[in-house]
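In: Quick check, what structure comes out for this input:
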Amino acid sequence: MPKKMNKEYVVKNIDELPMDIREAVCLYYIDDISTNEIAKRLNLSTSTIRSRISKGMYLLKKKMNDKALMEAHFIIYSKVIIDRKKNLR
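Out: From the prediction side, this is the model:
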């Protein structure tokens, strides 16, 4: 693992995720689409989408074992919690 994470390294690791997980992670983090909207687009439940996003971040963190990724993981979970709160209104 490189000492300094670069874009190519991150993209390579994302590309190695299983397709269903990669799709959810990319739609959520790269395209900035809500879990509800992703669920509608993919005809899946929001809990399935949240699970895939969580699994993707777990796999990336496990594979990359990088402090920055762990911080990103926290930010991601914060966003999921905020999305849930918005849906309760």
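
In: in this protein, what spans have low per-residue confidence?
Out: Filtered on pLDDT under 70, the chain yields the residue ranges 1-7, 65-89.

In: ok, residue 24 to residue 16 distance?
Out: From residue 24 across to residue 16, the span is 15 Å (CB to CB, to the nearest Å). The C-beta positions use only the backbone N, C-alpha and C, and glycine is treated the same way.

In: who's more crowded, these two?
Out: Using other CB atoms under 10 Å, the more surrounded residue of residue 24 and residue 16 is residue 24, with 26 against 11.

In: Tell me which stretches of the protein form helices.
Out: 7-15, 19-25, 35-42, 46-64, 67-88 (DSSP state H).

In: Buried residues, the first one. List them.
Out: Translated: helix 7-15. For helix 7-15, burial by neighbour count (16 or more other CB atoms under 10 Å) applies to 10, 13-14.

In: do the same with the second one
Out: By 16+ other CB under 10 Å, the buried positions in helix 19-25 come out as 21-25.

In: Dump those residues into CSV; add distance to residue 41 as well.
Out: Shown next, in CSV, are the buried residues of helix 19-25 (distance: CB to CB, whole Å):
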residue, distance to residue 41
21, 16
22, 15
23, 10
24, 10
25, 14
